[in-house]
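Engineer: with the sequence up front, the predicted model follows.
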Amino acid sequence: MLNNFFKLKENKTDVRTEVMAGITTFMTMAYILAVNPNILSVSGMDPKAVLIATALASFIGCLLMAVLSNYPFALAPGLGLNAYFAYTVVGDMGYSWQIALLAVFIEGLLFIVLSVTNVREAIFNAIPLTLKSAVGAGIGLFVAFIGLQNAHVVVGGSTLVTMQDFSKNFRSVGMGALLALIGVLVTGILLIKKVKGGILFGILITWILGILCELAGFYVPAPDLGMYSVIPSAVVSFDFSALGKTFGQIFVADFSQLKNVAEFIVVVLAFLFVDIFDTLGTLVGVSAKANMLDKNGRLPKIKGALTADAVATSLGAVLGTSTTTTFVESAAGVAEGGRTGLTAVATGFLFLLSLIFSPLFLTIPSFATAPALIIVGFYMIASVLKINWENMLEGIPAFLCLVAMPLCYSISEGISWGVISWTVLHLCTGKAKGKVSPLMYVLTILFILKYILL
């Protein structure tokens, strides 16, 4: 039955290979179970509810990918967009997390419409490749910056940001920052040695070091400073009632917050913009490694893959988590021989199984998850290599786009700066023809109006 449904023989694979590939993919992306609750809890959401929603959204997304496209790609709430959700939409803009989830839900619906039509291709083709690359790199810097902040390695100071003073509160904040830096090195060593699940093992090793330090008295919890005990009080739990704190909250949100509709539209578009390009980039990149692209460099059945991603995003918002997206870590499973949706199914069921280990994931401290954020930032910054820095017409907008994200603490600001500068520079130098699409003009006007009216 599995062979017929997933066309295993046709794809020159078997059940054992697909399952092992699914396990490998899960090992490389399971860190999101620890990181996502850490980040979204900043917005006021219940960490356990977020963990349950994260696991369920990942499970659903993986199954949808398998059924709609039969591809070995796994989905889960993505890094970058969860940071935008917590630190920008809720933190800077002042929206409630319920309204932020509503924005994710609407973004998912729009993505569904774009996925079943040809509009998504028009949008994708309208945005210059340079800006697409800059967005990815900028998100990488933003995510790494958040990791450094969460671990208290980088703190506020007279220079706006500065290095942690290890002489102060060394046995709490200082020790956490030190362990985070050690964790980055440990994770780096594991990845260089090509250890499967290197990021996850990096988190676990850093956490274990924290437990040993707490037992030895080198690390002392200080709740008033945001430093808590890292020793788990339980291993498994079959109590999933916490999900009720986030499930369906988008339908009972305080809509009085939506006084500024234009700003809310910008939030939705920012989620949509990043989700579209992140998903398409991941699908094409991983597919290329698996030799799944046709002779024209296109991915067959991409519409099904995009639809799975979009539906998972909206359902994830209903459950209580930020944008669900296709993970680039799917490449690990592909490298292990995964070629069909059975790989995604195996990964999805492992996410479902992880629900009973919620007490463990929730005890993992932010200084242990920080190395994962920093390393993911390293992976994402690599897209700057695709930017032609010799051409100032392309290099300057790209630079403004990627530098604005960490410095303005906002993904949407980076996108705005990039789009506006790209259009204005090309117009003012007389080189807009063939370089600035009609859609880019529309986006530029919208972003300028945002600064004028908001």
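Structural biologist: Structure's in. What do you need?
Engineer: the bottom helix or strand of the chain by mean pLDDT?
Structural biologist: For the chain, using mean pLDDT, DSSP states H and E, the weakest element among its helices and strands is helix 119-126, scoring a mean of 64.
Engineer: list the buried ones in the following helix or strand past that one?
Structural biologist: Proceeding N to C from helix 119-126, the next assigned helix or strand is helix 129-150, under DSSP states H and E. Buried residues in helix 129-150, counted by 16 or more other C-beta atoms under 10 Å: 130-150. All C-beta atoms are positioned from the backbone trio N, CA, C, and that covers glycine.
Engineer: just the strands in the stretch 51-200 of the chain please.
Structural biologist: 75-77, 154-157, 160-163 (DSSP state E, counting those that start in this stretch).
Engineer: what is the helix or strand containing residue 422 packed up against?
Structural biologist: Here residue 422 sits within helix 411-428, counting by DSSP H and E. Applying 3 or more C-beta pairs under 8 Å, 6 or more residues apart in numbering; DSSP states H and E, we find helix 411-428 packed against helix 129-150, helix 261-289, helix 392-407, helix 438-453.
Engineer: and if we set it to 6 Å?
Structural biologist: Judged by 3 or more C-beta pairs under 6 Å, 6 or more residues apart in numbering; DSSP states H and E, the packing partners of helix 411-428 are helix 129-150, helix 392-407, helix 438-453.
Engineer: nearest to residue 321, out of those helices?
Structural biologist: helix 129-150 (16.8 Å; C-beta to C-beta).
Engineer: quick one: the closest one to helix 438-453, angle?
Structural biologist: Counting by axes from the mean of the first three to the mean of the last three C-alpha atoms, to 10 degrees, helix 129-150 points 40 degrees away from the direction of helix 438-453.
Engineer: contacts for helix 129-150, please.
Structural biologist: For helix 129-150, contacts defined as C-beta atoms under 6 Å, 6 or more residues apart in numbering pick out 79-80, 83, 154, 277, 366, 370, 373-374, 376-377, 380-381, 383-384, 386-387, 394, 398, 401-402, 405-406, 414, 418.
Engineer: filter those residues to the buried ones?
Structural biologist: 79-80, 83, 154, 277, 366, 370, 373-374, 376-377, 380-381, 383-384, 387, 394, 398, 401-402, 405-406, 414, 418.
Engineer: is it true that residue 86 touches residue 39?
Structural biologist: Yes: Residue 86 lies in contact with residue 39 (C-beta atoms under 6 Å); the separation is 5.2 Å.
Engineer: which one of these two is surrounded by more residues?
Structural biologist: residue 39 (26 against 23; other C-beta atoms under 10 Å).
Engineer: would you say that one is within a strand?
Structural biologist: No: counting by DSSP: H, G, I helix; E, B strand; the rest coil, residue 39 is not part of a strand but helix.
Engineer: return the residues in contact with the closest residue to residue 345 other than its chain neighbours.
Structural biologist: Once flanking residues are discounted, residue 345 sits nearest to residue 66: 4.8 Å by C-beta to C-beta, 6 or more residues apart in numbering. Residue 66 makes contact with 341, 344-345, according to C-beta under 6 Å, 6+ apart.
Engineer: so how far is residue 8 from residue 66?
Structural biologist: According to C-beta to C-beta, to the nearest Å, residue 66 and residue 8 sit 12 Å apart.
Engineer: residue 291 now?
Structural biologist: From residue 291 to residue 8 the distance is 17 Å (C-beta to C-beta).
Engineer: tell me which of the two has more neighbours.
Structural biologist: Using other C-beta under 10 Å, the more surrounded residue of residue 291 and residue 8 is residue 8, with 18 against 8.
Engineer: helix/strand/coil for that one?
Structural biologist: coil.
Engineer: what separates it from residue 302, distance-wise?
Structural biologist: 21 Å.
Engineer: my read is residue 333 is in a strand, agree?
Structural biologist: No: per three-state DSSP, residue 333 lies outside any strand segment and is helix.
Engineer: I'd guessed it sits against residue 24; true?
Structural biologist: Yes: counting by C-beta under 6 Å, residue 333 does reach residue 24; the two are 5.0 Å apart.
Engineer: quick one: which of the two has more around it?
Structural biologist: residue 333 (32 against 24).
Engineer: tell me the spacing between the more buried one and residue 291.
Structural biologist: 15 Å.
Engineer: likewise residue 388?
Structural biologist: In terms of C-beta to C-beta, residue 388 sits 28 Å off from residue 291.
Engineer: got it, and residue 451?
Structural biologist: For residue 451, the distance to residue 291 - C-beta to C-beta - is 45 Å.
Engineer: can you count the residues close to residue 117?
Structural biologist: 11.
Engineer: below-threshold pLDDT in the stretch 251-400 of the chain: ranges please.
Structural biologist: 259, 277-278, 281, 284-286, 288-290, 293, 295-298 (pLDDT under 70).
Engineer: quick one, what contacts the closest residue to residue 444 other than its chain neighbours?
Structural biologist: Take residue 444 and drop its neighbours on the chain: the residue closest to it by C-beta to C-beta, 6+ apart is residue 423, 4.1 Å away. Neighbouring residues of residue 423 by C-beta under 6 Å, 6+ apart: 436, 440, 444.
Engineer: my read is the first one is in a strand, agree?
Structural biologist: By that I understand residue 436. No: with three-state DSSP as the criterion, residue 436 is assigned coil and is not in a strand.
Engineer: test my guess that it contacts residue 425.
Structural biologist: No: here residue 436 does not reach residue 425: they are 9.6 Å apart, not a contact under C-beta under 6 Å.
Engineer: what sits against residue 175?
Structural biologist: Contacts of residue 175 (C-beta under 6 Å, 6+ apart): residue 219.
Engineer: let me fix that: residue 357
Structural biologist: Counted by C-beta under 6 Å, 6+ apart, residue 357 has contacts residue 236.
Engineer: redo that, cut-off 10 Å
Structural biologist: 33, 51, 55, 232, 234-237 (C-beta atoms under 10 Å, 6 or more residues apart in numbering).
Engineer: ChimeraX command for the buried members of those residues?
Structural biologist: To isolate the buried members of those in ChimeraX, using 16+ other C-beta under 10 Å:
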select :33,51,55
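Engineer: relative to residue 198, which of the contacts of residue 357 is nearest.
Structural biologist: residue 33 (16.1 Å).
Engineer: excluding chain neighbours, what is closest to the closest one?
Structural biologist: Ranked by C-beta to C-beta, 6+ apart and with sequence neighbours excluded, the top spatial neighbour of residue 33 is residue 361, at 4.9 Å.
Engineer: gap between the one you found and residue 332?
Structural biologist: Relative to residue 332, and taking C-beta to C-beta, residue 361 is found at 20 Å.
Engineer: so which of these two has more stuff around it?
Structural biologist: residue 361 (26 against 22).
Engineer: for the helix or strand hosting that one, name the packing helices and strands.
Structural biologist: For residue 361, the element it lies in under DSSP H and E is helix 358-363. If you count contacts as 3 or more C-beta pairs under 10 Å, 6 or more residues apart in numbering; DSSP states H and E, helix 358-363 packs onto helix 32-40, helix 47-69, helix 198-216.
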